[in-house]
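**Student:** I'll drop the sequence and a predicted model, then ask my questions.
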Amino acid sequence: MKQSLTYYLTLFVLKLKGVKKNFSQDPIDYKKIRKENVFYPKGSFFKQDTSRTFKISNSSITEISKENTAKKLLIVIHGGAFISGPGQHHWDTIKAISKQTDYTIWMCNYPKAPEHKISEISENIDAVYAHALKTYQPDQISLLGDSAGGTLVTALTQRLISKGKQLPQKIILVSPVMDASMTNPDIEKIDAVDPMLSKIGVLSAKKMCVENNDLKNPMISPIYGSFAQFPETILFLATHDVTYPDQKLVVEKLKLANVKMKVIEGENMPHIWPFLPVMKEAKVSLRELITFLQ
């Protein structure tokens, strides 16, 4: 498949910014990576009458709503390896979704590692979803998570099912990290072509988040949990992404569980490619993601 000129420009910018280098360190320099955090979006779109911020547990929720009569809610759980985020690309994605759908959107800025561990982070995600159910019916709620956010969305869904709780209408996972242990042997060959992530840095970040060094705890490695009874699941996977081999295993688990799903595979694409700015392939995939919400 021939890639666009903007694809190669994006790879050049990623290299220039040292993204792969930052994710090739052990221990990972989370303070340096956090310099890319954007907690409060700027610009006329996010003006006061369309946005408000409130707290649920220890998470900060930014609500974007074009009108108070919106009947559907999209909860966005951002990525950032559990150590950082949200970033500008998350706000750009939310802006595009808000403009083209009638969803109210909650951006969930949850506690981060290493100061906070996976059980506390998971409790926060549970609290956010429980709070949403006070205003919305389950079939009015969709969840969107990228990277570590995809981990949290998947693990939340597993906990809801195990507890017999009401499920969201659908979940959308963009390059979800399914196994924090990074033990899949196929990761090694993809590491050589991944322009963003490295097994070394990803594993270091996960170790900062886990408790008792349990990297196979389903809260942080949902591949080891059950996928039976999942709601409609949409996955955006990238073949040049070290998290891709574990995602393929999860796709097979979803198939065995007869889950209604759609898999969009980006050939030669990097991690979270639908959220990357400028790139033509990203714009196409983001339009497809928005179509699933409309």
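**Tutor:** Alright, I've got the coordinates.

**Student:** Compute the first-to-last residue distance for stretch 212-225.
**Tutor:** The first and last residues of stretch 212-225 sit 18 Å apart, counting by Cα to Cα, to the nearest Å.

**Student:** Buried residues in that stretch, which are they?
**Tutor:** When neighbours are counted by 16 or more other Cβ atoms under 10 Å, the buried residues of stretch 212-225 are found to be 215, 217, 218, 219, 220, 221, 222, 223, 224, 225. In short, each C-beta sits where N, CA and C put it, glycine included.

**Student:** of the residues you listed, closest to residue 128?
**Tutor:** Nearest to residue 128 among those, counting by Cβ to Cβ, is residue 219 at 15.2 Å.

**Student:** and the residue nearest to residue 23 when sequence neighbours are not counted, what element?
**Tutor:** Counting by Cβ to Cβ, 6 or more residues apart in numbering, residue 23 lies nearest to residue 201, which is 3.3 Å off, once chain neighbours are set aside. Residue 201 belongs to helix 199-209 when assigned by DSSP states H and E.

**Student:** How far off centre is that helix?
**Tutor:** When C-alpha coordinates are averaged (Cα atoms, centre = their mean, to the nearest Å), helix 199-209 and its chain have centres 16 Å apart.

**Student:** That one packs against which elements?
**Tutor:** Other elements packing on helix 199-209 under the criterion 3 or more Cβ pairs under 8 Å, 6 or more residues apart in numbering; DSSP states H and E are helix 187-191.

**Student:** ok, and what's touching the helix it packs on?
**Tutor:** Contacts to helix 187-191, defined as Cβ atoms under 8 Å, 6 or more residues apart in numbering, come from residues 198, 199, 239, 240, 241, 242, 244, 245, 246.

**Student:** follow-up on the earlier one: contacts only, for the residue nearest to residue 23.
**Tutor:** 22, 23, 24, 25, 26, 28, 81.

**Student:** give me that answer again for 10 Å
**Tutor:** Under the criterion of Cβ atoms under 10 Å, 6 or more residues apart in numbering, the contact partners of residue 201 comprise 19-30, 33, 81, 83, 242.

**Student:** just residue 236 next, same as before
**Tutor:** 146, 150, 172-176, 247, 262-266, 269, 272-275, 285-286, 288-289, 292.

**Student:** one more time with 8 Å
**Tutor:** 172, 173, 174, 175, 264, 266, 273, 274, 285, 289.

**Student:** Now do the same for residue 69: its pLDDT.
**Tutor:** At residue 69, the pLDDT value in this model is 59.

**Student:** And what about residue 262, helix, strand or coil?
**Tutor:** The three-state assignment at residue 262 reads strand, by DSSP: H, G, I helix; E, B strand; the rest coil.

**Student:** beta partners for it?
**Tutor:** According to DSSP bridges, residue 234 are recorded as the beta-bridge partners of residue 262.

**Student:** Go ahead and confirm it touches residue 234.
**Tutor:** Yes - assessed by Cβ atoms under 8 Å, residue 262 is found in contact with residue 234 at 4.8 Å.

**Student:** Compare these two (neighbour count), which wins?
**Tutor:** Applying other Cβ atoms under 10 Å to residue 262 and residue 234 shows that residue 234 carries more neighbours, namely 20 against 13.

**Student:** ok, now which ones touch the more buried one?
**Tutor:** Residues touching residue 234, when contacts are defined by Cβ under 8 Å, 6+ apart, comprise 170, 171, 172, 173, 261, 262, 263, 264, 289, 292.

**Student:** which neighbours do residue 262 and residue 234 share?
**Tutor:** With Cβ under 8 Å, 6+ apart as the test, residue 262 and residue 234 both reach residue 292.

**Student:** circling back to that earlier point, next, the buried residues of the helix holding residue 201.
**Tutor:** Judged by neighbour count (16+ other Cβ under 10 Å), helix 199-209 contains these buried residues: 199, 200, 201, 202, 203, 204, 205, 206, 207, 208, 209.

**Student:** of all the contacts of residue 236, which comes closest to residue 133?
**Tutor:** Among the contacts of residue 236, residue 172 lies closest to residue 133 (Cβ to Cβ), at 19.0 Å.

**Student:** The closest one: neighbouring residues, count only.
**Tutor:** 24.

**Student:** repeat for residue 243
**Tutor:** The local packing of residue 243 (other Cβ under 10 Å) involves 27 other residues.
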